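> Turn this into a model:
(one chain, ligands or ions: 2)
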Amino acid sequence: MERTFIMIKPDGVQRKLVGEVVRRFEVKGFTLVGLKLMKVSKELAEKHYDVHKERPFFAGLIEFITSGPVVAMVWEGDGVVASARKIIGATNPLSAEPGTIRGDYGVTVGRNLIHGSDAIETAKNEINLWFQEEELVNWQPTLTPWLYE
Ligand code: IDP
Ligand code: MG
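Numbers count the residues shown, from 1 in each chain. Ligands and ions are numbered 1, 2, ... in the order given. So this is what the prediction gives:
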């Protein structure tokens, strides 16, 4: 089954949006298979955002991500990688559609609340970077027949 890596950034945690974000993925029909509240080291933040290391906003982004606790999660379900990106909304919250997390709660790109993997391969790498295998729980929700034909 497909999995994606989702992280509620420090602004999302400070703004008490953890429950709201988890709720949106749960009610959509995805399955939570890993979750932890953690302070992010500079090393982990830099690895996670390595693709952006030459960008002008990189230093600020690393400072922000390491500034307070984040909630790291792994969610599972058919098509979860692309669907999660839709639930999250566009990178710039002012361009994100109402009804998306960033569209409903954010006003600026440097405080856009949440991260979601952008492709299946990226998701695999990010899950490996953030979670040990034993931190992920393989389980079959009882409502599976009510979500999948
Ligand atoms: P994504 O999070 O929607 O995948 P990316 O382009 O991969 O967006 O950028 C990663 C993160 O870097 C963004 O979520 C945002 O926090 C930050 N970021 C991107 N562009 C800017 C910018 O122009 N200024 C400040 N921060 C930015
Ligand atoms: Mg990205």
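> So which residues on the chain come close to ligand 1?
52, 57, 61, 91, 109-110, 112, 115, 118 (CB under 6 Å from any ligand atom). (Each C-beta comes from the backbone N, C-alpha and C, glycine too.)
> which residues sit in contact with the residue nearest to residue 61 when sequence neighbours are not counted?
Nearest residue to residue 61, sequence neighbours excluded (CB to CB, 6 or more residues apart in numbering): residue 49, at 5.9 Å. By CB atoms under 8 Å, 6 or more residues apart in numbering, residue 49 lies in contact with 58, 61-62, 65.
> any idea which of the residues you listed is closest to residue 72?
Taking CB to CB as the measure, residue 72 sits nearest to residue 65 out of those, at 11.2 Å.
> Now do the closest one, the pLDDT please.
Looking at residue 65, its pLDDT stands at 98.
> What distance do you get for residue 39 to ligand 1?
18 Å (CB to the nearest ligand atom, to the nearest Å).
> burial count for that residue?
When neighbours are defined as other CB atoms under 10 Å, residue 39 has 11 of them.
> That one contacts residue 68, doesn't it?
Yes - shown here, residue 39 and residue 68 form a contact pair, counting by CB atoms under 8 Å, at 7.5 Å.
> can you give me the strands in the protein?
Applying DSSP state E to the chain gives strands spanning 3-8, 31-38, 70-76, 114-116.
> Which positions in the first one come out as buried?
Going back to what we said before, that points to strand 3-8. Neighbour-count burial for strand 3-8 flags 3-8 (criterion: 16 or more other CB atoms under 10 Å).
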